[in-house]
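Novice: Next come a sequence and a model predicted from it.
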Amino acid sequence: QLEFVESGGGSVQPGGSLRLSCEVSGNDYTVGTIGWFRQAPGKEREGVSCLSTTEGTLYYADSVKGRFTISRDTAKNTVYLQMNSLKPEDTAVYYCAAGIGIPHYFCPGYVGAFRGQGTQVTVSS
């Protein structure tokens, strides 16, 4: 079973940037995809970006395409989310999750629990 520790959130002005980190521990050889999700008060959970652990396939939600970039450092067991041109609507708690399946199915369809504590991102002027 995998565990996640998210970090890197903060408060920024619109147009600013943040880099989130998700340190992953444990072993689960069934995992095919890992990625970032966000939850804002009063809004539905959104699968922001995911990547395949075997093929490198990437998924981005339409709301973040061209602004966010997901990457992975296997030596550090860490997944990153570089967030540029941040908007107030990006404000949310960001979580990591992993599971079976390809990014284009796993990311928008994940309904499981989040095992990490998440990291708060606040974008406001």
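Specialist: In hand now; what should we look at?
Novice: From now on I want contacts and neighbour counts done on CA atoms only, so please keep to that.
Specialist: Will do.
Novice: and Glu44, how many neighbours does it have?
Specialist: Residues lying near Glu44 (other C-alpha atoms under 10 Å) number 9.
Novice: What confidence value was assigned to it?
Specialist: Model confidence at Glu44, expressed as pLDDT, equals 92.
Novice: for the one 10 residues further on, same thing?
Specialist: Listed pLDDT for Thr54 reads 88.
Novice: name the helices or strands packed onto the lowest-mean-pLDDT helix or strand in the chain?
Specialist: None of the helices or strands of the chain scores lower by mean pLDDT, DSSP states H and E than helix 103-109, at a mean of 92. If you count contacts as 3 or more C-alpha pairs under 8 Å, 6 or more residues apart in numbering; DSSP states H and E, helix 103-109 packs onto strand 33-39, strand 46-52, strand 58-60.
Novice: which other residues reach it?
Specialist: Defining contact as C-alpha atoms under 8 Å, 6 or more residues apart in numbering, one finds that helix 103-109 is touched by 33-35, 37, 46-52, 57-59, 61, 99-100.
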